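Student: I would like the atomic coordinates for the input below:
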Amino acid sequence: MKRVVAFVHAYTPAKICLQLGHSGPKGSTKVMWEGMDEPLDEGNWPVVGPSARKCGHRHQMPRSLARPEMDAIREQFVTATRMAERAGFDMVELHCAHGYLLSTPKPGQDVCRKDGNACSGSNTGERLLRSGSPCAKP
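Tutor: Below is the predicted model:
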């Protein structure tokens, strides 16, 4: 990554951004030009989410994340952000499109959990990347 970023900076005035995301319950789908948001015909991998609630009728049922798994995902985002900074990226964008982990649940949707890690209408992104996260610069 560092070589690509250095090349862009050396030969263009462009800024370069790294986009980070987690597909969450919307994962394991075809590439856009083969059927946007359509499940794979074969070779699907298990998906996870804040609760066992499908992203849409065509998607598979996600496995509900446990708190330690949420913490591990947060640390993976932190690690990736630090790697992007070391590589010289000018910015990092968190991909939070509908159905992806950081945006789930959709506005107005309840999270069906009984372990205290979510409440009605709460947002997984808020829980994963709380204020004071090592990602945030002062």
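Student: Show me the strands in this structure, by range?
Tutor: Secondary structure of the chain by DSSP state E: the strands cover 17-21, 48-49, 63-64, 91-95.
Student: Could you export those strands as CSV, including mean neighbour count and mean pLDDT?
Tutor: Where you see a C-beta, it was placed from the backbone N, CA and C, and this is true even at glycine. As requested, the strands of the chain are exported to CSV (neighbours: other Cβ atoms under 10 Å; pLDDT from 0 to 100):
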stretch, mean neighbour count, mean pLDDT
strand 17-21, 14, 93
strand 48-49, 23, 88
strand 63-64, 16, 89
strand 91-95, 14, 91
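Student: and these as a markdown table, adding distance to residue 2?
Tutor: Formatted as a markdown table, these follow (distance: least, Cβ to Cβ, whole Å):
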| stretch | distance to residue 2 |
| --- | --- |
| strand 17-21 | 12 |
| strand 48-49 | 31 |
| strand 63-64 | 35 |
| strand 91-95 | 15 |
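Student: and residue 79, which of the ones you listed is closest to it?
Tutor: Smallest distance to residue 79 across those (Cβ to Cβ): 10.3 Å, for strand 17-21.
Student: so residue 1 touches residue 83, yeah?
Tutor: Yes: under the criterion of Cβ atoms under 8 Å, residue 1 is in contact with residue 83, at a separation of 7.4 Å.
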